[in-house]
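# A structural model of the following input is requested.
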Amino acid sequence: MKIKMLTLRHLLLVASFMFTQNALSGQIYKFKDENGNWTFSDKKPTSELELEIIERRPAMVKNRKPKIYLSEGSNKHTISAINPYHAPIEVEIKIISEKSEEITFRKVMPPSSKISLYDSKDVVDRFLYSWVLGSPQTTESSYIYHLPISSLQEHRISQSFNGNFSHHKPSNKYAVDIAMPIGTYISAARGGTVIWVKDDYHMGGAKKYFLDKANYVSVLHSDGSYATYAHILQETAMVKPGDKVKAGDILARSGSSGFSTGPHLHFVIRKNIGFSAVSVPFKFLNEDGESFVPQKGMMVFNHMAPIQEIETL
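All right, here's what the predicted structure looks like:
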């Protein structure tokens, strides 16, 4: 939930190819070292190695935040709002006046909309506002999710529901961490609309400093719930806000950006419950077409991964 009031060195650098500030543009070289392991670097290897050149692009621009503002006329005072997201948001307004009682109300805004939230002939001295993503009327369906990986390798679930390390708050209680090599393709576990994308950060570590630094892609589903795919690799997002995706479509590549102890994908489904973004339990689909609840230590494999999208890293 975002809140605003309107009134008058120990860093864990992840993997040997983690980008520096001097490598924010140009080319990245992907090659196999003497042991046959894939390596990424902004410096071209001097030895004769199998080499692939990856052209870098500017990082995805951060989304604009919702804007709530006051317009005043001679006989009318209006609080309006702009929702720039491709998803509904719920807004709470608290109007504080020295001459009348405090007024508090909530309103749901449609995706990509501009609406009037409050009109009055009385002067608005000041107001507070907050907002949360999603509609409170959301009732998530019993959808069985595809594994959010496009890889022919097995990957281990390193933390699941109620994980002791970081899955104990309402927003992450029902989240799953899947360990995987940096650069593994991340795919949509369910179809929907891309809400936002952040892929502009290059470092990670288990310090509080990194809590708001992770790169991620969020996708809104037809039932109003939304998935977040976090810790993606800098500048690897393959979608943008507003894009429509299907289950299995490639979203980005895995990394270890933000609050992270190593390369993995953090996957979580959330919805608006009680004016708060709350995680909800879910199930994955296995190779036999059966559903299962993800558990720590499980080895998982996406049997539906498209072969043409696969690279062995």
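
# The spatially closest residue to A214 that is not a sequence neighbour: how many residues sit nearby?
Take A214 and drop its neighbours on the chain: the residue closest to it by Cβ to Cβ, 6 or more residues apart in numbering is G258, 2.5 Å away. Where C-beta positions appear, they are placed from N, C-alpha and C, glycine not excepted. Residues lying near G258 (other Cβ atoms under 10 Å) number 22.

# Give me the distance between G258 and H202.
Distance of G258 to H202, computed by Cβ to Cβ, to the nearest Å: 10 Å.

# wouldn't Y129 be in contact with I68 here?
Yes - contact criterion Cβ atoms under 8 Å: Y129 and I68 qualify, at 4.6 Å.

# List phi and psi for S150.
phi -110, psi 80 (degrees, to the nearest 10).

# Dig out what it forms beta bridges with.
Y185 (DSSP bridges).

# From I182, how far off is it?
From S150 to I182 the distance is 15 Å (Cβ to Cβ).

# what about the two, which has more around it?
Legend: neighbour count by other Cβ under 10 Å for S150 and I182, higher for S150 (25 against 22).

# pretty sure that one is touching S187, no?
Yes - between S150 and S187 there is a contact at 4.2 Å, judged by Cβ under 8 Å.

# Wait, a strand at Y209?
No - under DSSP: H, G, I helix; E, B strand; the rest coil, Y209 sits outside any strand and is assigned helix.

# Please read off the pLDDT at it from the model.
We note a pLDDT of 72 for Y209 in this prediction.

# Helices of the stretch 51-200 of the chain, residue ranges please.
With DSSP state H, counting those that start in this stretch, there are no helices along the stretch 51-200 of the chain.

# Just the strands from it, written as ranges.
Assigned by DSSP state E, counting those that start in this stretch, the strands in the stretch 51-200 of the chain fall at 51-55, 67-72, 77-83, 89-96, 103-109, 113-120, 126-133, 144-145, 149-150, 155-159, 175-179, 185-187, 192-198.

# Please identify the deepest-packed of the ones you listed.
strand 185-187 (a mean of 26; mean count of other Cβ atoms under 10 Å).

# what's it packed up against?
strand 149-150, strand 250-253 (3 or more Cβ pairs under 8 Å, 6 or more residues apart in numbering; DSSP states H and E).

# Export those strands as a markdown table, with columns for mean pLDDT and distance to D125.
Listed next are those as a markdown table, based on pLDDT from 0 to 100; distance: least, Cβ to Cβ, whole Å:
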| stretch | mean pLDDT | distance to D125 |
| --- | --- | --- |
| strand 149-150 | 92 | 53 |
| strand 250-253 | 94 | 45 |
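
# Distance to S218 added to those strands, as CSV?
Formatted as CSV, the helices and strands packed on strand 185-187 follow (distance: least, Cβ to Cβ, whole Å):
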stretch, distance to S218
strand 149-150, 17
strand 250-253, 10
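
# right, so of those, which gets closest to S291?
Comparison of the helices and strands packed on strand 185-187 against S291 by Cβ to Cβ identifies strand 149-150 as nearest, at 16.9 Å.

# dump the residue contacts of R106.
90-93, 275 (Cβ atoms under 8 Å, 6 or more residues apart in numbering).

# I'd like the distance between it and I93.
Applying Cβ to Cβ to R106 and I93 gives a distance of 8 Å.

# Likewise for G134?
G134 sits at a distance of 18 Å from I93 (criterion: Cβ to Cβ).

# now do Q234
Relative to I93, and taking Cβ to Cβ, Q234 is found at 37 Å.

# Equivalent analysis for M238, please.
Relative to I93, M238 is positioned 37 Å away (Cβ to Cβ).

# any weak-confidence spans in the stretch 101-250 of the chain?
166, 201, 207, 210-212 (pLDDT under 70).

# let's go with 90 and repeat that
101-102, 120-126, 137-142, 151-153, 159-160, 162-172, 182, 198-215, 231-232, 234-235 (pLDDT under 90).

# What segments of the stretch 201-313 of the chain are strands?
Going by DSSP E, counting those that start in this stretch, the stretch 201-313 of the chain shows strands at 204-205, 216-220, 226-230, 244-245, 250-253, 258-259, 264-272, 277-279, 283-285, 291-292, 299-300.

# what about those, which gets the closest to D122?
Per Cβ to Cβ, nearest to D122 of the strands of the stretch 201-313 of the chain: strand 264-272, 30.6 Å.

# Quick one: closest of the strands of the stretch 201-313 of the chain to S97.
strand 264-272 (28.4 Å).

# Now do the closest one against strand 126-133, angle only.
120 degrees (axes from the mean of the first three to the mean of the last three Cα atoms, to 10 degrees).

# With just CA atoms, put strand 264-272 into PDB.
What follows is strand 264-272, C-alpha atoms only, in PDB (Å, rounded to 0.1, in the frame of the first residue of the first chain):
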ATOM      1  CA  HIS A 264      16.300 -17.500  -8.000                       C
ATOM      2  CA  LEU A 265      12.800 -16.600  -9.000                       C
ATOM      3  CA  HIS A 266      10.400 -15.300  -6.400                       C
ATOM      4  CA  PHE A 267       6.800 -16.000  -7.500                       C
ATOM      5  CA  VAL A 268       3.700 -14.900  -5.700                       C
ATOM      6  CA  ILE A 269       0.000 -14.300  -6.400                       C
ATOM      7  CA  ARG A 270      -1.700 -11.400  -4.600                       C
ATOM      8  CA  LYS A 271      -5.000  -9.700  -4.400                       C
ATOM      9  CA  ASN A 272      -6.500  -6.700  -2.500                       C
END
